[in-house]
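1. I would like the atomic coordinates for the input below:
(chains A and B)
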Amino acid sequence: MAQIEIDDNNCCEYLQAGKVEAYHYLIRIYFPVLCNYAQTIIDADIQTAEDIITDAFLKSWEKRNDFKDFAHIKNFLYITVKNASFNFIRNKQREKAKHEIFSESYLNEEDFAFKEIVHAELMAEVRKAIDMLPAKMRKVFILSYVEQLSNAEIAARLNISDQTVRNQKSKSLSILRSVTKHISSTHLVVVLLLLEIKA
Amino acid sequence: MQDPKIEEAIYIASLIKKERENVLSDQEKTHLEQWKNRSDASKRIYADLKDLKNFKEGLLKLEAYDYEQQIQKLSIAANINEQIETSSEAKIVQIKRKKYYLRTAIAAMVLIALGVYLNKYSHNRITSLQQKNIVRTNNVIVPGGNHAVLTLADGKKIILDTASDGLLNKDINIAIMKSGDAVLTYSGTIKNGVMTYNSISTPRGGQYQLMLADGTKVWLNAASGLKYPVAFTGKYREVTLEGEAYFEVMKNKKKPFVVNVNGMKVKVYGTHFNVMAYADEAAIKTTLLEGSVMVNNGADSVLIKPGQQAIDKNSNSKMEVRTADIDEELAWTKGEFLFRSISITEIMKQVARWYDADVHFDGDMSGILFSGGMRRQQSIRELLEILEADQRIKFVIKDRLITVERIKK
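-> Next up, the predicted model:
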């Protein structure tokens, strides 16, 4: 079976055609992003955040035929997660008596959620780009450009040679570059600028 | 399902991304600038997002996340993967989902109370209206909405809640338009005409917006009234306020805009400011956002700068000028309650005005302060539950009367 390449442009269409690959793409990019988003709002254990995200993703699968496009799916996920998260803290607030302050997150509920969404969206963009890289190369890319380890450190950590690290690094950049030629997206530029990599 | 805030956040994210790629169009550039300059909060958000270290840390955290496990779980739960269709894991997820619905259902519960109502405050000096009967259809305490009554020059009253959209009068010179989003707009001019006045008043639990003939925008809070000329033909643009309103005055250097409020005058040329002058509040507070305003209480006159606030406690004495908490003062215009170390007695005044309830205090309330915020559209129960949470006070609701009791230790 030929591998389907999913991106923002075709995700909605494939999802409606019942292709699990499209659903997996959505989960791969957005589950961690949304989980982080929910966790920042609810300030609780990761398990609770995961429950909220799981619920939102289940609903998005059930509703897949109602979506107009990718932006619509994204909106749906953010709204569902935001509402569930704020419901969670409201309920927690009732259960636990808190002294003096309702909660810091109550204080600026809207502004707070706003910032986290912008943050989440920018991180999702980078995730979409590095999603194109094979697993090993992705690891090298992250260690090098995000964690900013030296080639020697990466080589030691992954138990590969210095030369392999260098190769993987340059290859990862060229993959990202070639991808940008095919898709009307600017993923490489995004990665370079969001991470300020000197290419 | 829509959430304009979320749509805006996603849009802003796309603009920031484009800004970094240097591909912003002029229009997008303007949008981003407008957003940045809208509030201190947005400036902060923008600056925070520039923090690369923070961004990289976030990414690393996400990289470490095991999404494969989630893909498996979800495939089972959504019944996508036929091979492991009847795994026990699916049931776990289903049960968790049910719990969620239950919680949401509880959150959506609205207080229901029946009976007669008591009325303690009167605010009918401008229009002498008994609109409470119009708005108050039963004795369930619910959040306020867009309710107001317009009184025309000939004394005719129009209930704006039920009036249909469009022209409200037949005057050939001045048109009064009501639009669906609860805004009243005046347009036209009168030559050599006599000043004719209209007035608008909101009941407790009401709010309304209007645009005066000169283009000045006014947001009227609950239990408030504004009297204004249908066209500003005089030397000044003069209006009379009771209660609370936020003004965005159209610039006109030749014709100062004057707000008369409880014997005090606020004089401006073009600026954004809020005046809070409820009869049951201790002071008249004039808060300035933009431009400059001159506040005169008869005995004293002060010029305030943006971000400042003039406090007039007694019209025969000097006024106090201090730095204002703009977010707190203007929260109502954004449909929010925002309290920062505010006493329960002050909070309950706002609650009474917005939920159209009466409040009685039982016991010493001194030293009970709260900080926090909430949407004004939330049910009163949600608000009261939060206030009760730390067990210093409790509420007893009978019909429209809320009794606040201090819990003895």
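2. you'd agree residue A:175 is up against residue A:133?
-> Yes. Using C-beta atoms under 8 Å, residue A:175 is in contact with residue A:133, at 6.1 Å. Using the backbone N, CA and C atoms, a C-beta is placed for each residue, glycine as well.
3. For the stretch 201-350 of chain B, which segments are assigned as strands?
-> For the stretch 201-350 of chain B, the strands defined by DSSP state E, counting those that start in this stretch occupy B:208-211, B:217-220, B:224-229, B:237-248, B:257-261, B:264-268, B:272-277, B:284-290, B:293-296, B:301-304, B:308-312, B:320-323, B:336-343.
4. TSV please, covering those strands and showing distance to chain A, mean pLDDT and mean neighbour count.
-> Formatted as TSV, the strands of the stretch 201-350 of chain B follow (distance: least, C-beta to the nearest C-beta, whole Å; pLDDT from 0 to 100; neighbours: other C-beta atoms under 10 Å in any protein chain shown):
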stretch	distance to chain A	mean pLDDT	mean neighbour count
strand B:208-211	20	93	22
strand B:217-220	18	94	20
strand B:224-229	25	94	24
strand B:237-248	18	94	23
strand B:257-261	29	94	21
strand B:264-268	29	91	21
strand B:272-277	19	94	22
strand B:284-290	17	93	22
strand B:293-296	27	92	22
strand B:301-304	26	92	17
strand B:308-312	20	93	22
strand B:320-323	19	92	12
strand B:336-343	8	84	17
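5. Switch those strands over to CSV; also include distance to residue A:38.
-> Compiled in CSV, the strands of the stretch 201-350 of chain B are given as follows (distance: least, C-beta to C-beta, whole Å):
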stretch, distance to residue A:38
strand B:208-211, 35
strand B:217-220, 34
strand B:224-229, 40
strand B:237-248, 34
strand B:257-261, 45
strand B:264-268, 45
strand B:272-277, 35
strand B:284-290, 34
strand B:293-296, 44
strand B:301-304, 43
strand B:308-312, 38
strand B:320-323, 36
strand B:336-343, 22
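6. so which of those comes closest to residue A:137?
-> Closest to residue A:137 of the strands of the stretch 201-350 of chain B, according to C-beta to C-beta: strand B:336-343, at 47.9 Å.
7. which is the next helix or strand following the helix or strand of chain A with the lowest mean pLDDT?
-> The weakest-scoring helix or strand in chain A, judged by mean pLDDT, DSSP states H and E, is helix A:104-107 (a mean of 44). Proceeding N to C from helix A:104-107, the next assigned helix or strand is helix A:109-130, under DSSP states H and E.
8. Can you check what angle separates that next one from strand B:336-343?
-> Angle between the axes of helix A:109-130 and strand B:336-343 is 120 degrees (criterion: axes from the mean of the first three to the mean of the last three C-alpha atoms, to 10 degrees).
9. Please compute how far helix A:109-130 lies from its chain's middle.
-> Helix A:109-130 sits 8 Å away from the centroid of its parent chain (C-alpha atoms, centre = their mean, to the nearest Å).
10. Enumerate every residue touching the most centrally placed residue in chain B.
-> Closest to where the C-alpha atoms of chain B average out (C-alpha atoms, centre = their mean) is residue B:332, at 2.3 Å. Residues in contact with residue B:332 (C-beta atoms under 8 Å, 6 or more residues apart in numbering or on different chains) are B:207, B:221, B:244, B:246, B:376.
11. Do a quick rundown of the helices in the chain.
-> Picking chain A for this. A:8-16, A:20-42, A:46-62, A:70-95, A:104-107, A:109-130, A:135-141, A:151-158, A:162-182, A:187-195 (DSSP state H).
12. wait, chain B
-> For chain B, applying DSSP H gives helices covering B:4-21, B:26-36, B:40-49, B:52-63, B:67-77, B:88-107, B:132-135, B:326-330, B:344-355, B:380-388.
13. rank those helices by pLDDT, which is bottom?
-> The weakest mean pLDDT among the helices of chain B belongs to helix B:88-107, with a mean of 31.
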